[in-house]
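Q: sequence isn't available, so here's the structure alone:
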């Protein structure tokens with residue numbers, strides 16, 4: 001860290017076959033001083049059942065660490081875990097799971113100042129490396145909270161290959177959303193006194209480019225898993241360097257947040273929601289969507305809103321509400337009128353896949 005930078009980077013990023021079975025060797029190589037320190041493993045009950053052998057093996061490798069099944073992905077749960085970590089003199093938290101687990105474990109480590117090791121079981125979004133945790137607060141309302149990024153990230157390619165395909169598609173969607181997010185970030189900077197951090201911008205762009213221009217089209221291949229893993233991590237690091245989520249979050253994310261806040265009955269993952277939001281955002285920004293449509297079709301990412309229970313009326317209303325869900329965040333939505341006729345036309349194009 002020099003006088004001009006105030007950000008942290010992970011000490012270790014390992015993307016390997018069967019990495020979970022030799023995670024202690026990976027940590028010993030990069031962070032030897034934490035081996036032997038009191039550790040707790042955080043996951044969810046159903047994951048502990050599914051991956052019993054792997055999680056038990058990890059626990060054994062880290063001094064028979066306690067395995068804790070978290071009850072919810074909430075602020076209160078993270079604080080409860082942090083209290084346990086502090087009062088029992090635990091030095092290391094290992095989070096094993098998807099975004100819910102990783103965000104909870106990450107925030108608990110941030111509060112307790114424990115070393116945090118991130119071990120994702122899926123690649124559904126960039127939470128594995130981001131400096132933010134999205135947690136439930138009062139009445140299931142979700143809040144984005146700043147926190148420290150992981151000290152180490154270990155991705156087992158076998159785990160990801162065997163994860164539900166929809167989760168990998170969600171991770172692809174979260175990565176592709178950077179295309180419109182970066183446009184909105186530049187737009188915001190031009191309208192305010194803020195600046196675009198060139199290095200953060202470049203990292204986010206590289207994240208997008210590495211997946212969008214990837215020659216490997218098989219989502220189950222280890223090559224693609226490595227590329228997507230690194231893309232999601234680069235997105236997280238871009239946010240850490242920028243000190244905000246702007247390198248990865250624009251009008252397409254406002255669309256996703258509006259769904260989460262106003263239409264919770266729509267069962268759509270975060271990554272899939274921002275993937276849907278990216279196409280209209282592109283059109284609002286005056287960018288072509290032809291290339292994105294080809295990309296989505298290549299990986300089987302369905303862009304038809306009807307497939308997710310989003311009607312034409314709901315689609316227009318979600319975009320109307322998207323303008324208000326994050327006060328002060330300038331995007332292309334601040335530059336255009338709410339045109340229901342245009343939105344209906346976009347909806348029809350998405351239904352037809354063109």
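A: That came through fine. Nothing here was measured: the structure is a model prediction, and the numbers come from that model. Numbering: from 1, shown residues only.
Q: alpha carbons only for contacts and neighbour counts from here, please
A: Fine.
Q: what helix or strand does residue 232 sit in?
A: Residue 232 is part of helix 222-242, with elements assigned from DSSP states H and E.
Q: after that helix, heading C-terminal, what element do we hit next?
A: On the C-terminal side of helix 222-242, the closest following helix or strand by DSSP H and E is helix 251-262.
Q: for whichever helix or strand comes after that following helix, packing partners?
A: Moving toward the C-terminus from helix 251-262, the next helix or strand (DSSP H and E) is helix 270-284. Packed against helix 270-284, as judged by 3 or more CA pairs under 8 Å, 6 or more residues apart in numbering; DSSP states H and E, are the following elements: helix 165-176, helix 178-191, helix 251-262.
Q: buried set for stretch 8-20?
A: For stretch 8-20, the neighbour count (16 or more other CA atoms under 10 Å) marks 9-10, 12-16, 19-20 as buried.
Q: confidence-wise, which of these comes last?
A: Per-residue confidence over these reaches its minimum at residue 9, where pLDDT is 86.
Q: TSV for the helices and strands packed on helix 270-284, including mean neighbour count and distance to residue 104?
A: Formatted as TSV, the helices and strands packed on helix 270-284 follow (neighbours: other CA atoms under 10 Å; distance: least, CA to CA, whole Å):
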stretch	mean neighbour count	distance to residue 104
helix 165-176	24	18
helix 178-191	21	24
helix 251-262	24	18
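Q: show me where the chain dips below the pLDDT cut-off.
A: Where the chain drops to pLDDT under 70, the residues are 1-6, 139-140.
Q: can you rerun that using 90?
A: Across the chain, the ranges flagged by pLDDT under 90 are 1-9, 125-128, 137-144, 193, 267, 326-328, 353-354.
Q: show me where it has strands.
A: 12-16, 39-43, 66-69, 92-97, 115-120, 132-136, 142-146, 152-156 (DSSP state E).
Q: give the other helices and strands that the last one contacts.
A: Of the remaining helices and strands, those touching strand 152-156 by 3+ CA pairs under 8 Å, 6+ apart are strand 12-16, strand 115-120.
Q: paired strands for the shortest one, with orientation please.
A: Strand 12-16 pairs in its sheet with strand 152-156 (parallel), by DSSP bridges.
Q: next, the angle strand 92-97 makes with the partner strand.
A: With axes from the mean of the first three to the mean of the last three CA atoms, to 10 degrees as the basis, strand 152-156 and strand 92-97 are set at 30 degrees to each other.
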